[in-house]
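In: Need coordinates for the following:
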Amino acid sequence: MSRSSFTLIELLVVIAILAILSVTVVLVINPADLIRQSRDSSRMTDLANLKKALSLFDVTNPDDFTGTSSIVYVSIPDSSGTCVNLGLPELPTGWTYHCVTSSTLAKTDGTGWVPTNLDNIAYGSVISKLPLDPQNSTSSGLYYQYVTGGSFVVKAQLESDKYKDKAANDGGASQTALEMGTDLALAPNLFPDNWIKMPGNSSFGTSDFWVMKYEAKCASAANNSLLTTPATQYNTLWNSSTTAGSACTSANGKYVTSNADGYPIAYISHATAKTYCSGIGAHLLTNEEYMTIARNAEQVNGNWSTSVGSGYLYSGHNDGTPNAALTAANDTDYYFGTGNSSGNQRRVLTLSNGNAIWDLAGNVYEHVQRTAADITTAIDLPACSDGVAGWGWCQYGNTTAPYVSAYTADVAQANVGPSNTDWNSTQGMGQLYTYKNGTDQATTVFIRGGSWSYGSNAGAFALTLDWGTGSAYNRVGFRCAR
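Out: Okay, here's the model as predicted:
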């Protein structure tokens, strides 16, 4: 006797299989990234067409106006000709923004956001209207830029995983923006160039935020070149208010930037690092933000020699070689410049959203604000199990002496250490530097990560507690967030 219908159990099995397949398809296809890919595809087409039009104009109209140098022309409309209402990133001294109103924004006759009269091309303009970024907003950091000065560059931030390599390998200074033109070094490197979006963590009270992809560097406002002439040893930039011209300030014709090239700014006090970050519309990375990054990275299998909790978390460039001037080739060239091809000297940590952050756990230590309120009052220091009356290194965890035997309310493991309380430097976490009997009280700021000379003491959770607000050293730099 044949059956002409499914049983209830068979129907439930089929429904379950379809549900699993649906979830699998969604995970594989990643519809959110497909939307980002679509926008990026439009950006690449827009910039290619704009470059073609501008290049043709240069050939056929070499003496016509193409814009003014040291001006960043942006595709977002504003009633102010200098874009004062948009909250754009602060520009280096001598630079200004230029905006037009929405009524003329896309016009190709020289009144649009690109000031070149493309209608005057002898053979006719290759575009009927100026392109606008699909998002085109300050808050997203997604808008087009044009800079000229004998040559030109047009820029667009890319946002999808698929096209990250396009931005990183286009020959420009920004690893996150697509740059096209005849001189890719014309535009200043400011937010969001080489900044990455970081998912927030409710455990640390953080919402999504932006952070510098690289340690803070210094660029010349005159030609946007990254500085590689140190005023001290170890290939770091010595920052000093007492040495004329050395500070990375607009008064010295310089500005702070996130960039793969250049030497990290070092020999800088906590207070000055805060000032530098605020000077570019950002703030010095807080411990809550730092922990959001470190805890995110520790849960990504690719950041471990084997898998999460097995082997060790890569702990950065810290083999004792004073070579902090390392230009990152790309985000998969993990050991670039270290002389290594394996082991824990991996400079890149990958985040859960696919973004990469460089040198968090090594190269130079980084100033980190103790809290969002930047408390710098005296704190009770955590003690080590050996109880020595002096400064020294302590292990996280509770199995390897000397280990941190007690945490104070100010320096609690949950606020500064890895999520697994048994992990220590054997797992690449780094160590904690404290007054080992815990009795000393100090006015201290946080120094985190590690430097090229700290070996197993360095790591994503390394913390040094013997620094005041005015302390400075050539192994300590900083990173900004916003």
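In: From now on I want contacts and neighbour counts done on CA atoms only, so please keep to that.
Out: Noted.
In: so Leu432 sits in a helix?
Out: No: under the criterion used here (DSSP: H, G, I helix; E, B strand; the rest coil), Leu432 is strand, not part of a helix.
In: and the closest residue to Thr96 other than its chain neighbours, what pLDDT?
Out: In this structure, Thr96 finds its nearest non-sequential neighbour in Ile71, 5.0 Å apart by Cα to Cα, 6 or more residues apart in numbering. Ile71 carries a pLDDT value of 97.
In: Over to Ala251?
Out: At Ala251, the pLDDT recorded in the model is 86.
In: and what of the one 5 residues further on?
Out: Model confidence at Val256, given as pLDDT, is 96.
In: Next, count neighbours for it.
Out: Look at Val256: counted by other Cα atoms under 10 Å, it has 24 neighbours.
In: Then the one 4 residues further on?
Out: A count of neighbours around Ala260, defined by other Cα under 10 Å, yields 24.
In: does it sit in a helix or strand, and which one?
Out: Ala260 belongs to no helix or strand when elements are defined using DSSP states H and E.
In: That one reaches Tyr214, doesn't it?
Out: Yes: the criterion here is Cα atoms under 8 Å, and Ala260 meets it with Tyr214 at 6.3 Å.
In: ok, back up a step: residues touching the residue nearest to Thr96, list them.
Out: Trp95, Thr96, Tyr97, His98, Val147, Thr148 (Cα atoms under 8 Å, 6 or more residues apart in numbering).
In: now do 10 Å
Out: 82, 91, 94-98, 145-149, 187-188 (Cα atoms under 10 Å, 6 or more residues apart in numbering).
In: Tell me where the stretch 51-200 of the chain has strands.
Out: Taking DSSP state E, counting those that start in this stretch, the strands of the stretch 51-200 of the chain run over residues 71-74, 96-98, 145-148, 152-157, 177-181, 195-198.
In: In terms of secondary structure, what does the longest one contact?
Out: Counting contacts by 3 or more Cα pairs under 10 Å, 6 or more residues apart in numbering; DSSP states H and E, strand 152-157 packs against helix 31-60, strand 71-74, strand 145-148, helix 164-168, strand 177-181.
In: between these, which has the poorest average model confidence?
Out: Minimum mean pLDDT among these: helix 164-168, a mean of 87.
In: Now Thr338: which helix or strand?
Out: Per DSSP H and E, there is no helix or strand for Thr338.
In: Next, count neighbours for it.
Out: Neighbours of Thr338 (other Cα under 10 Å): 20.
In: Could I get the pLDDT score of it?
Out: So Thr338 comes in at 78 (pLDDT).
In: ditto for Tyr312
Out: On the pLDDT scale, Tyr312 gets 95.
In: Can you get me a residue count around it?
Out: Neighbours of Tyr312 (other Cα under 10 Å): 22.
In: For it, which non-adjacent residue is spatially closest?
Out: Here the residue nearest Tyr312, using Cα to Cα, 6+ apart, is Gln427, at 4.0 Å.
In: Break down the stretch 251-400 of the chain into its helices, ranges please.
Out: With DSSP state H, counting those that start in this stretch as the criterion, the stretch 251-400 of the chain has helices at 270-278, 287-298.
In: just checking, what packs against the longest one?
Out: Secondary-structure packing of helix 287-298 (3+ Cα pairs under 10 Å, 6+ apart): strand 195-198, strand 209-212, strand 348-350, strand 356-358, strand 365-368, helix 413-416, strand 445-448.
In: Dump those to a markdown table, plus mean pLDDT.
Out: As requested, these are exported to a markdown table (pLDDT from 0 to 100):
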| stretch | mean pLDDT |
| --- | --- |
| strand 195-198 | 93 |
| strand 209-212 | 96 |
| strand 348-350 | 94 |
| strand 356-358 | 94 |
| strand 365-368 | 96 |
| helix 413-416 | 93 |
| strand 445-448 | 95 |
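In: now the ones you listed in CSV, with distance to Arg39?
Out: Below are those laid out as CSV (distance: least, Cα to Cα, whole Å):
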stretch, distance to Arg39
strand 195-198, 17
strand 209-212, 21
strand 348-350, 24
strand 356-358, 21
strand 365-368, 35
helix 413-416, 39
strand 445-448, 37
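In: if you skip the residues just before and after it, what's nearest to Leu34?
Out: Nearest to Leu34 is Ser160, by Cα to Cα, 6+ apart, at 7.9 Å.
In: Tell me, how many residues neighbour the one you found?
Out: 18.
In: what's the pLDDT at it?
Out: 89.
In: Distance across stretch 169-187, terminal residue to terminal residue?
Out: 17 Å (Cα to Cα, to the nearest Å).
In: Quick check: buried residues in that stretch?
Out: Using 16 or more other Cα atoms under 10 Å as the burial criterion, the residues of stretch 169-187 that qualify are 169, 172-187.
In: Likewise for stretch 124-135?
Out: Buried residues in stretch 124-135 (16+ other Cα under 10 Å): Ser125, Val126, Lys129, Leu130, Pro131, Leu132, Asp133.
In: That one spans what distance, first to last residue?
Out: First-to-last residue span, stretch 124-135, Cα to Cα: 29 Å.
In: rank the helices of the stretch 251-400 of the chain by pLDDT, which is bottom?
Out: helix 270-278 (a mean of 94).
In: by contact count, what packs against it?
Out: strand 216-220, strand 254-258, strand 283-284, strand 365-368, strand 445-448, strand 476-478, strand 480-481.
In: before we move on, back to that, from the contacts of Ile71, list the buried ones, please.
Out: Using 16+ other Cα under 10 Å, the buried ones in these are Thr82, Leu91, Thr96, Tyr97, His98, Gln145, Tyr146, Val147, Thr148, Ala187, Pro188.
In: Let me see the contact set for the closest residue to the first one other than its chain neighbours.
Out: In this structure, Thr82 finds its nearest non-sequential neighbour in His98, 4.6 Å apart by Cα to Cα, 6+ apart. Listed by Cα under 10 Å, 6+ apart, the contact set of His98 reads 68, 71-78, 80-84, 113-115, 145-146.
In: For Trp113, see how far away His98 is.
Out: In terms of Cα to Cα, His98 sits 8 Å off from Trp113.
In: same deal with Val364?
Out: 41 Å.
In: the more surrounded of those two?
Out: Val364 (34 against 27).
In: can you count the residues close to the nearest residue to the more buried one once chain neighbours are set aside?
Out: Counting by Cα to Cα, 6+ apart, Ser451 is the residue found nearest to Val364 once chain neighbours are left out, at 4.1 Å. The number of residues packed near Ser451 is 30, by other Cα under 10 Å.
In: got the phi/psi numbers for Ser451?
Out: Main-chain dihedrals, Ser451, degrees, to the nearest 10: phi -120, psi 180.
In: Look up how far Gly124 lies from it.
Out: 57 Å.
In: follow-up on the earlier one: would TSV of the strands of the stretch 51-200 of the chain with distance to Ser385 be doable?
Out: Shown next, in TSV, are these (distance: least, Cα to Cα, whole Å):
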stretch	distance to Ser385
strand 71-74	57
strand 96-98	57
strand 145-148	57
strand 152-157	50
strand 177-181	49
strand 195-198	36
